[in-house]
Every structure is written in structure tokens, then in C-alpha cells.
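1. Quick check, what structure comes out for this input:
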Amino acid sequence: MVDAIIIIIVIVLLGFALKGSIRHFKGEGACCGGSHESLDMQEKKLTSPVIGKKLLKIEGMHCDHCAKQVMDAINKIDGVSAKVDLQSQTATIFYDREINDNELYQAVKSAGYHIQSISCS
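-> Presented below is the predicted three-dimensional model:
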């Protein structure tokens, strides 16, 4: 009898976990500790003229909160401003000084994501 109760509890818990995972990957749930409320995603203003831009293809973003985490991490780099597009899984980077790609990789990695590729424009 006790075994049957434990099995039923485990099945119910697995059902909730599966439902939450499906919502997460559809982008319907609050992932990464975020919520569905509107996020303030203001673009960082550079103080010097922009000398170039790069396009980063980023892996692992599922929601606006993920995109904001990536944008905030990149914007911490001096002389760099990021604009993140969740739909295309990209970040456009504007810079007013030469920027090492490794700095970008490390910033995105620190936010918990991965850069698949970097292209210069």
C-alpha cells in the first residue's frame, strides 16, 4: 500500500515537472528567475563615436529575461553597447574602441549563455 502511494506521488511530481519544462521551452513560463512583466531593456549610450559593430549568434536564450541578462552582461564592458533580439537569437554589438572577441565570449558566458559565432559588419 505504501509503495502504491509513493508511486502515485512520484508520477504526479513528474507530471508537474514535464508540464513546466514544456512551458519553459515554448517561452510561456518565467525562466531564469524572470517573470512575464515588461522588462526595461534600454540601450546603453556610448560616449564616443561608434567605430564598428559585430553580430553575435547566441545559444540558450528562451525569454525576455534571458535577453536582458545577455544585454546587461555585454553592456558592462567599457565602450560597448548591446542590442539583443530574442527572436533571431542574436546580439548586435556597437563599440567605440577596439574590442577583443574573448571579452564578448566571457561576458556572455558569465551570464550563462554561449556565443555560437561572431561576425563583423
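2. Which helix runs longest in the protein?
-> Taking DSSP state H as the criterion, the chain has its longest helix at helix 2-26.
3. Listing partners with orientation, what would you give for the helix or strand following that one?
-> Next in sequence after helix 2-26, counting helices and strands by DSSP states H and E, comes strand 52-59. Its sheet considered, strand 52-59 pairs with strand 90-95 (antiparallel), strand 114-120 (antiparallel) by DSSP bridges.
4. Give me the buried positions along strand 52-59.
-> By 16 or more other C-beta atoms under 10 Å, the buried positions in strand 52-59 come out as 54, 56, 58. The way it works is simple: take the backbone N, C-alpha and C, and place the C-beta from them, glycine included.
5. quick one: which of those residues is nearest to I99?
-> Checking the buried residues of strand 52-59 against I99 with C-beta to C-beta, the nearest one is K54 at 7.5 Å.
6. Quick check, pLDDT for the closest one.
-> Here, the pLDDT recorded for K54 equals 95.
7. Grab the most central residue of the chain for me.
-> Centroid-nearest residue in the chain: C66, 3.1 Å away (criterion: C-alpha atoms, centre = their mean).
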